[in-house]
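Peer 1: For reference, the sequence and a predicted model appear below.
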Amino acid sequence: MAVAFVKEESAETAAETQLPDREISKHPNLVTQAGLKALEQALEAAREAVQATLSIEDVNERRRQAAAPARDLRYFAARVGSARVMPKPETCDVIAFGCTVTFARDDGRTQTFRLVGEDEADPSAGSISFASPMGRFLMGKSVGDGGTLNGQEIEITAIA
């Protein structure tokens, strides 16, 4: 009878510790070579984290500890599997994936960003996703082009 209660409790705990999957973007999974490497490293780290939980004897604690790494493992496995490495553009006459863009805002700020994949985007480090509103706004534009984004005028001043 005690075993029945343990199994029931374990089933409830399992349901409680099964985290929902991380959302997978509807956009193509374009990545730079460095972005693919980062995804592969994140996948391996998630595998190692899941593996580390296997030594936990208490099944409920093991499930709790494995929940987040298992979710990350599913996410990064899907992202690595769907990744499409994009070559560096031969020319950046027109803004494309992998180009570095400098633009001036009407408030006097000048900003520079490289357009990269969604998982590798880090605005504080100077990269934005090609699928972000800013990325979509910039794609296909040339030096001197501009427009309004979020109520601000923007003009492209350089592309590299």
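Peer 2: That came in fine, so what should we check first?

Peer 1: only C-alpha atoms for contact and neighbour calcs from this point on.
Peer 2: Will do.

Peer 1: tell me the pLDDT at the most centrally placed residue in the chain?
Peer 2: The centroid of the chain falls nearest to residue 119 when counting by C-alpha atoms, centre = their mean (2.0 Å). Predicted confidence (pLDDT) for residue 119: 97.

Peer 1: what's it sitting at in phi/psi?
Peer 2: phi -70, psi -20 (degrees, to the nearest 10).

Peer 1: And residue 93, by the same measure?
Peer 2: Dihedral angles for residue 93 - degrees, to the nearest 10 - are phi -70, psi -30.

Peer 1: The one 4 residues further on now?
Peer 2: Residue 97 has phi and psi values of phi -50, psi 130 when expressed as degrees, to the nearest 10.

Peer 1: which ones are touching it?
Peer 2: 86, 88-89, 115-116, 130, 139 (C-alpha atoms under 8 Å, 6 or more residues apart in numbering).

Peer 1: and it, how far is that from residue 85?
Peer 2: Separation of residue 97 from residue 85 (C-alpha to C-alpha, to the nearest Å): 11 Å.

Peer 1: Quick check: the residue nearest to the centre of the chain touching residue 37?
Peer 2: No - here residue 119 does not reach residue 37: they are 11.3 Å apart, not a contact under C-alpha atoms under 8 Å.

Peer 1: from what I can see residue 138 touches residue 99, true?
Peer 2: No - judged on C-alpha under 8 Å, residue 138 makes no contact with residue 99 at a distance of 10.3 Å.

Peer 1: Looking at the two now, which is surrounded by more residues?
Peer 2: More crowded of residue 138 and residue 99, by other C-alpha atoms under 10 Å: residue 138, with 24 against 21.

Peer 1: Now the nearest residue to the more buried one once chain neighbours are set aside: which helix or strand?
Peer 2: Take residue 138 and drop its neighbours on the chain: the residue closest to it by C-alpha to C-alpha, 6 or more residues apart in numbering is residue 95, 6.6 Å away. Of the helices and strands defined by DSSP states H and E, none includes residue 95.
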